[in-house]
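>>> Attaching a predicted model along with its sequence, questions to come.
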Amino acid sequence: MAIFDGQLYKGEDMPPERAHVQIEDGRCRLFTDRRRLGSWDMAEIHAERVGVLRFQVTAGEVGFAFQPTDPSGFSEAIGATVDLRSSKGRFGLAERVRAATGRD
């Protein structure tokens, strides 16, 4: 079982809320304090890294932004993607990948 503490962002005009995401037995569960906000099968989850520390998670019709205290562990556990198609890349990853592979 993996539990990731962090900040949940529900909307632009709302302050972040303490939350945690639990990933266990092929399920992803979202909690704030003792209240469960949702539980989804991992096959329904799409997570994209949208900043160095922040992730956009979509599960069916539900979407939320989450900033975990352990971004690397969360990224690996949830299977997050990073879109490197733009010429600038996200947080310099595109440039580092091109340099490492010798591609321009």
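Everything's here; your move.
>>> Please tell me how far the residue nearest in space to the middle of the chain sits from R34.
Closest residue to the average C-alpha location of the chain: F55 at 3.2 Å, with CA atoms, centre = their mean. Using CB to CB, to the nearest Å, F55 is found at 23 Å from R34. In this view, the C-beta of every residue, glycine as well, is placed from N, C-alpha and C.
>>> what does D13 give?
Per CB to CB, D13 is found 25 Å from R34.
>>> State the number of residues packed around Q67.
Q67 has 17 neighbouring residues, counting by other CB atoms under 10 Å.
>>> secondary structure element for it?
According to DSSP states H and E, Q67 maps onto strand 62-68.
>>> Any buried residues in that strand, and which?
64-68 (16 or more other CB atoms under 10 Å).
>>> Repeat that for stretch 4-13.
Buried-residue list, stretch 4-13, by 16+ other CB under 10 Å: 4, 6-9.
>>> can I get those residues in JSON lines with pLDDT?
Formatted as JSON lines, those follow (pLDDT from 0 to 100):
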{"residue": "F4", "pLDDT": "96"}
{"residue": "G6", "pLDDT": "96"}
{"residue": "Q7", "pLDDT": "95"}
{"residue": "L8", "pLDDT": "94"}
{"residue": "Y9", "pLDDT": "91"}
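>>> If you drop the residues flanking it in sequence, what lies closest to Q7?
P16 (4.0 Å; CB to CB, 6 or more residues apart in numbering).
>>> How many neighbouring residues does the one you found have?
The burial count for P16: 13, using other CB under 10 Å.
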